[in-house]
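Chemist: prediction below, plus the sequence it came from.
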Amino acid sequence: MVNLRAIDLNLLTVFEAVYEERNQARAAERLALTQPAVSNAMGRLRHVVRDPLFVPGSRGVAPTPAADRLYPRVHAALEGVRAGLAAERGFDPRTTRQTFTVAAGYGGGAVIGPALYAWLAAEAPHARLVIRSIDDPALLGRRLFEGRLDAAWDYADPDDPDLRSTELMRLEPVVIVRRGHPRIRRAPTLAQLKRERSVMHVEAHPAGSLPDLDESLAPLVGDVAIEVPTALAIPVVVATTDLVGYVGTSVAAVLARPFDLRVYPFPVSTPRYTTRLLWHVARDADPAQRWLRGGIVEAARRVTAALPAGIAPAASRRRAR
């Protein structure tokens, strides 16, 4: 058994940072250390474990198999220490200067981001919010486990047994037109929509979990005049043309007012889908994480509440725990 009294345990926090950042310069910045100090710490740890731990890579360093085996145990141990200290110290959003990093699937940053920032600015004026896109869903669980992300929201219920989730918003397609559209002045019928030309998006969701609205709506509506790569572009086009747009209720809630658009329910039944709040089981009880999850749920409620009455399904009111 290793004698811990003979080891500087600060080396483990350096190892954790280098492993997660895959770059000693970024690890040094994260830890508020100099790069030589990080290099020196890694040299001392290599001597203890008798392995190089990292080798030079194309954009930094790559872990050795020994580092891959060591990391989960070191990270779990340090997370336990951090959670214990946080519980004893308590969490005060009014004074925290913590940076909260969340990831959002398909347009979620634009949809929930402003409402989440407004909530954060009121509740934790010194905190900082970072929103990332979910560029690789397969890595989401790992990034939540490693603490690179505090939470995420996406359209899929995760298969990873170590991830927790709760419903965030129930969504469905709606019809948007510019205010003053020459032919659509009230909720349109399907026959009206078949006579109108439209703008649609063709961007595929990377996880394959977001229903393909183009395929489901295209047979029901008129000719597509413009295809755009993201649903967030549709309100821009609709606001300056007589084209009809079809977007999810969340996009309509955020962008209808800035672009002075009218929002109508789709006249026939259409696919519905949900967004889900995701987090790692290791952070179930962390007071800061619980507080953040509550804020994300509140932001989603505010987004849904911004829609005209009768348009959107109710947002989930269950508290994320």
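Modeler: Thanks, I have the structure now. Residues are numbered from 1 along each chain as shown.

Chemist: which helix in this protein runs the most residues?
Modeler: helix 65-89 (DSSP state H).

Chemist: for that one, buried residues please.
Modeler: 67, 70-71, 74-75, 78-79, 83 (16 or more other Cβ atoms under 10 Å). Quick note: C-beta positions are derived from backbone N, CA and C, even for glycine.

Chemist: now distance to Ala300 and pLDDT too, for the residues you listed, in JSON lines please.
Modeler: Shown next, in JSON lines, are those (distance: Cβ to Cβ, whole Å; pLDDT from 0 to 100):
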{"residue": "Ala67", "distance to Ala300": "38", "pLDDT": "93"}
{"residue": "Leu70", "distance to Ala300": "38", "pLDDT": "92"}
{"residue": "Tyr71", "distance to Ala300": "33", "pLDDT": "91"}
{"residue": "Val74", "distance to Ala300": "35", "pLDDT": "90"}
{"residue": "His75", "distance to Ala300": "30", "pLDDT": "85"}
{"residue": "Leu78", "distance to Ala300": "31", "pLDDT": "85"}
{"residue": "Glu79", "distance to Ala300": "27", "pLDDT": "76"}
{"residue": "Ala83", "distance to Ala300": "26", "pLDDT": "69"}
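
Chemist: which of these lies closest to Ala282?
Modeler: Glu79 (5.9 Å; Cβ to Cβ).

Chemist: isn't that closest one right up against Asp284?
Modeler: No - using Cβ atoms under 8 Å, Glu79 is not in contact with Asp284; the gap is 11.9 Å.

Chemist: what would the buried residues of helix 65-89 look like in a markdown table with distance to Thr189?
Modeler: What follows is these, written out as a markdown table (distance: Cβ to Cβ, whole Å):
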| residue | distance to Thr189 |
| --- | --- |
| Ala67 | 63 |
| Leu70 | 64 |
| Tyr71 | 59 |
| Val74 | 63 |
| His75 | 57 |
| Leu78 | 61 |
| Glu79 | 56 |
| Ala83 | 57 |
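
Chemist: what stretches of the chain score poorly on pLDDT?
Modeler: 1-6, 83-90, 202-216, 218, 308-321 (pLDDT under 70).

Chemist: re the thing from before, show residues contacting the longest helix of the chain.
Modeler: The contact list for helix 65-89 (Cβ atoms under 8 Å, 6 or more residues apart in numbering) reads 12-13, 15-16, 19, 49, 51, 53-54, 63, 145-147, 282, 285-288.

Chemist: from those residues, which land in strands?
Modeler: Secondary structure assignment by DSSP state E places 54, 63 of those in strands.

Chemist: what about the contacts of helix 65-89, which are in helices?
Modeler: Short answer: the contacts of helix 65-89 in helices (DSSP H) are 12-13, 15-16, 19, 49, 145-146, 287-288.

Chemist: just the buried ones from the residues you listed?
Modeler: Buried members of these, counted by 16+ other Cβ under 10 Å: 12-13, 15-16, 19, 49, 145-146, 288.

Chemist: quick check: the farthest pair among the ones in helices among the contacts of helix 65-89?
Modeler: Val49 and Pro287 (33.8 Å).

Chemist: beyond the longest helix of the chain, next helix or strand please.
Modeler: strand 99-104 (DSSP states H and E).

Chemist: what helices or strands is that following strand leaning on?
Modeler: When contacts are defined as 3 or more Cβ pairs under 8 Å, 6 or more residues apart in numbering; DSSP states H and E, strand 99-104 sits against helix 108-123, strand 128-133, strand 151-154, helix 287-305.

Chemist: how about Ile184: what's its closest non-neighbour residue?
Modeler: Nearest residue to Ile184, sequence neighbours excluded (Cβ to Cβ, 6 or more residues apart in numbering): Val177, at 4.9 Å.

Chemist: show me the strands in the stretch 101-250 of the chain, by range?
Modeler: For the stretch 101-250 of the chain, applying DSSP state E, counting those that start in this stretch gives strands covering 128-133, 151-154, 163-171, 173-178, 198-201, 224-228, 244-248.

Chemist: now Asp286: how far from Pro72?
Modeler: 18 Å (Cβ to Cβ, to the nearest Å).

Chemist: equivalent analysis for Ala37, please.
Modeler: 25 Å.

Chemist: what does Tyr273 give?
Modeler: Distance, Tyr273 to Pro72, using Cβ to Cβ: 34 Å.

Chemist: same question, Glu123
Modeler: Counting by Cβ to Cβ, the gap from Glu123 to Pro72 is 33 Å.

Chemist: go on, Pro65?
Modeler: From Pro65 to Pro72 the distance is 13 Å (Cβ to Cβ).

Chemist: ok, Leu220 next?
Modeler: Distance from Leu220 to Pro72, by Cβ to Cβ: 50 Å.
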